[in-house]
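>>> sequence? don't have it. structure:
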């Protein structure tokens, strides 16, 4: 019963997080701190140990994302734009494409994380879905960093994570979470085009 309550509450917070991310609102990081704090307990009880661990990373990344979106600057950002009003200040970091120089390092981070996490799960836990769990976890590490940097391609990482996670959570009996991630998959596709439109407007 307690796990069901936490899962439902986490789902509601996740919907708020999704809406704020879609709008590229800096306040998504508040939900981004609350949601992993909830799912740490949900995933541990469900035996999804990699997802349990990734939520600790999410907490740290949410703090980083909050500060970077608040005070981060792109190269060439003018002092005038930094001196704008309060509302603009909260949204001052622009959406951009991921610089090409980051693609190879991000790929290696994913590969190393994927095989490293899978090895840990296979050898040190009783997980019965080590490869799927490690895949979503490794891709989430990359996607979360890209979101914190406000790169539009972060949506492609989340489409992969959300689609695989939907099937994984159905298998693990986390129906509310599976429904949330199914919605995530659909919204992530729309989110990509929404961010591209916002990027052009900026």
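Looks like it arrived, so ask away. Worth saying up front: this structure is predicted, and the values here are computed from it rather than measured.
>>> CA atoms for contacts and neighbours, from now on please.
Fine.
>>> ok now do the most centrally placed residue in the chain, which residues does it touch?
By C-alpha atoms, centre = their mean, the chain has its centre lying nearest to residue 144, at 4.4 Å. Shown in contact with residue 144 (C-alpha atoms under 8 Å, 6 or more residues apart in numbering): 58, 61, 154.
>>> Kindly report the same for residue 48.
127, 133.
>>> do residue 140 as well
Residue 140 neighbours (C-alpha under 8 Å, 6+ apart): 54, 157, 158, 161.
>>> which of those residues are the two that sit furthest away from each other?
Distance extremes for the contacts of residue 140: the farthest pair is 54 and 157 at 14.9 Å, using C-alpha to C-alpha.
>>> Apart from its chain neighbours, what residue comes closest to residue 136?
The shortest distance from residue 136 to any non-neighbouring residue, by C-alpha to C-alpha, 6 or more residues apart in numbering, is to residue 161 (5.1 Å).
>>> Quick check: which element contains that neighbour?
Secondary structure from DSSP states H and E places residue 161 in helix 154-171.
>>> So which bits of that helix are buried?
For helix 154-171, the neighbour count (16 or more other C-alpha atoms under 10 Å) marks 154-166, 168-169 as buried.
>>> Kindly report the same for stretch 137-155.
Quick answer for stretch 137-155 (16+ other C-alpha under 10 Å): 137-155.
>>> so the top helix by length along the chain versus helix 154-171, what angle?
If you go by DSSP state H, the chain has its longest helix at helix 175-201. Between the axes of helix 175-201 and helix 154-171, defined by axes from the mean of the first three to the mean of the last three C-alpha atoms, to 10 degrees, the angle is 170 degrees.
>>> tell me which strands and helices helix 175-201 is in contact with?
helix 2-22, helix 154-171 (3 or more C-alpha pairs under 8 Å, 6 or more residues apart in numbering; DSSP states H and E).
>>> could you dump the ones you listed to CSV with mean pLDDT and distance to residue 128?
Formatted as CSV, these follow (pLDDT from 0 to 100; distance: least, C-alpha to C-alpha, whole Å):
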stretch, mean pLDDT, distance to residue 128
helix 2-22, 80, 20
helix 154-171, 93, 11
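>>> I'm done for today, thanks for sticking with me.
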